[in-house]
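Participant: Please find the sequence and the predicted model below.
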Amino acid sequence: MEISDPTLEQLGWKPFFDEQLSPEERRDVQPARVISVHRGRVTVAGEGYEDSVPSALPVPGGAEDRPTVGDWLLVDRNSRTIVRILERTSLFKRPAPGDERRVQLIAANVDTLFIVTACKQDFNIARLERYLVLAREVGVRPVVVLTKADLSPAPERLVDEARALQSGLRVELVDGRDPANTARLLDYCGVGQTVALVGSSGVGKSTLVKTLTGSSSIATQAVREDDGKGRHTTTVREMYRLADGAKDGGWLVDTPGMRELQMSEVSTGVTEVFDDVTNLALECRFSNCTHVAEPGCAINAALAAGTLDPARFARWRKLSHEDTVNSGAAVARRSRPAKRR
Ligand SMILES: Nc1nc2c(ncn2[C@@H]2O[C@H](COP(=O)(O)OP(=O)(O)OP(=O)(O)O)[C@@H](O)[C@H]2O)c(=O)[nH]1
Ligand SMILES: [Mg+2]
Ligand SMILES: [Zn+2]
């Protein structure tokens, strides 16, 4: 079946982007979305055209002023160069591998995050929580996708464990290689919607993209027998269009597996994903309570009463510590004054 060029709306153009254009820009430039990023160039798609343009901006800016997959650009009609990057609805980034002081942009203007994890070895509640925090922070809807259902004797137990993490959390269990089985994931990818897939190497992100798009050109790799991990097959970031006949929908962004999910500036996300713990902490008698042995510690009381899971508390403590270290802030940052009782 012949697939027609996408319209701006099918590319994900929204009023939020349109409102950013000045009258002059409406005349002189074309909006285009970044489909893939290469050395020094980006492949862009606009209304009725696809092009490769230099990724340089006229005025070099800060760390985030570089085009990444999913970005909306304004491209000059004559010179075919980037005029500017439009403000993003969301941005995924991480510290650059090998140089923690630099950031690597992963994807922009994402609506939904598929947090992909495999039922086998990879399943890990603490890691899922970290991704949920990330989704909250970036402001995208999270969906947990459990792959390799066919390799697990009791995958439903894992589904229940994941569902318990957040009320209303969507958790989907699939065999990523099976088109019939993964078809319900397409419900999350409506017209113009962008879904980014994240998760450890080898969990089956590219396999899902391949199955959902029906594409055969996406590289995936067999798992090594010994540790169930892949070998970092995906190295470029690219958006894939879901346009298979009746299912004329959105876009999937494949990302390379991350060895360790690094967080930067996630305080809001931690507070929200762990709202049970943070609410308890607000009940502690002392505002700078370290929840170790202070009198009137609400967290210790809840642990003793069995209403707070010690493992969850430990994970919260680790994440909030990471956050304070990353952002260089002091340990207790709550703004309310010390309580006296
Ligand atoms: N049995 C089974 N195998 C799967 C499933 N999903 C993926 N695989 C296999 O797992 C291996 C790794 O899959 P990939 O899709 O390359 O993993 P990835 O997440 O893209 O890995 P990176 O690109 O390294 O981040 C491949 O051999 C897939 O065929 C599944 O649901 N069931
Ligand atoms: Mg891959
Ligand atoms: Zn306390």
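Facilitator: Right, received. Where do you want to start? Ligands and ions are numbered 1, 2, ... in the order given.
Participant: Could you use CA atoms for every contact and neighbour count after this?
Facilitator: Will do.
Participant: any idea how far ligand 1 is from residue 281?
Facilitator: With distances taken as Cα to the nearest ligand atom, to the nearest Å, residue 281 is found 37 Å from ligand 1.
Participant: The helix or strand hosting that residue packs against which elements?
Facilitator: In the assignment (DSSP states H and E), residue 281 maps to helix 275-282. Other helices and strands packing on helix 275-282, by 3 or more Cα pairs under 8 Å, 6 or more residues apart in numbering; DSSP states H and E, are helix 298-305.
Participant: what's the average pLDDT for the helix it packs on?
Facilitator: Mean pLDDT, helix 298-305: 94.
Participant: by how many degrees do it and helix 275-282 diverge?
Facilitator: 120 degrees (axes from the mean of the first three to the mean of the last three Cα atoms, to 10 degrees).
Participant: buried set for helix 298-305?
Facilitator: 298-301 (16 or more other Cα atoms under 10 Å).
Participant: Just give me the neighbour total for the residue of the stretch 1-150 of the chain found nearest ligand 2.
Facilitator: Closest residue of the stretch 1-150 of the chain to ligand 2, Cα to the ion: residue 116 (11.1 Å). For residue 116, the neighbour count with other Cα atoms under 10 Å is 28.
Participant: Which helix or strand contains it?
Facilitator: strand 112-118.
Participant: Identify each buried residue in that strand, please.
Facilitator: Neighbour-count burial for strand 112-118 flags 112-118 (criterion: 16+ other Cα under 10 Å).
Participant: repeat for stretch 158-168
Facilitator: Across stretch 158-168, burial judged by 16+ other Cα under 10 Å covers 158-159, 162-163, 165.
Participant: Keep only those of the residues you listed that are in helices.
Facilitator: Residues of these located in helices (DSSP state H): 158-159, 162-163.
Participant: closest to residue 57 among those residues?
Facilitator: Residue 57 has its nearest neighbour among those in residue 162, at 42.2 Å by Cα to Cα.
Participant: Give me the contact list for the lowest-mean-pLDDT helix or strand in the chain.
Facilitator: Least confident helix or strand of the chain, by mean pLDDT, DSSP states H and E, is helix 267-273 with a mean of 72. Contacts with helix 267-273, where a contact means Cα atoms under 8 Å, 6 or more residues apart in numbering, come from 129, 132-137, 166, 278, 316, 319-320, 323.
Participant: same thing but 6 Å
Facilitator: Applying Cα atoms under 6 Å, 6 or more residues apart in numbering, the contact partners of helix 267-273 are 133, 136-137.
Participant: Please narrow those to those residing in helices.
Facilitator: Per DSSP H, the subset of those in helices is 133, 136-137.
Participant: a markdown table please, covering those residues and showing pLDDT, neighbour count and distance to residue 19.
Facilitator: As requested, the ones in helices among the contacts of helix 267-273 are exported to a markdown table (pLDDT from 0 to 100; neighbours: other Cα atoms under 10 Å; distance: Cα to Cα, whole Å):
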| residue | pLDDT | neighbour count | distance to residue 19 |
| --- | --- | --- | --- |
| 133 | 90 | 24 | 30 |
| 136 | 91 | 19 | 25 |
| 137 | 88 | 22 | 24 |
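Participant: Among those residues, which ones lie close to ligand 3?
Facilitator: The subset of the ones in helices among the contacts of helix 267-273 lying close to ligand 3, counting by Cα under 5 Å from the ion, is empty.
Participant: Residue 188: which of these is nearest?
Facilitator: When those are compared against residue 188 (criterion: Cα to Cα), the nearest one is residue 136, at 17.2 Å.
Participant: Quick one: name the residues of the stretch 151-300 of the chain near ligand 3.
Facilitator: So the stretch 151-300 of the chain meets ligand 3 at 284, 289, 291, 297 (Cα under 5 Å from the ion).
Participant: For stretch 178-198, give me every contacting residue.
Facilitator: Residues contacting stretch 178-198 (Cα under 6 Å, 6+ apart): 9-12, 110-116, 174, 211, 249-254.
Participant: Now do stretch 201-221, average pLDDT.
Facilitator: For stretch 201-221, mean pLDDT rounds to 79.
Participant: wait, does it contact ligand 2?
Facilitator: Yes - residues of stretch 201-221 contacting ligand 2 under Cα under 5 Å from the ion: residue 206.
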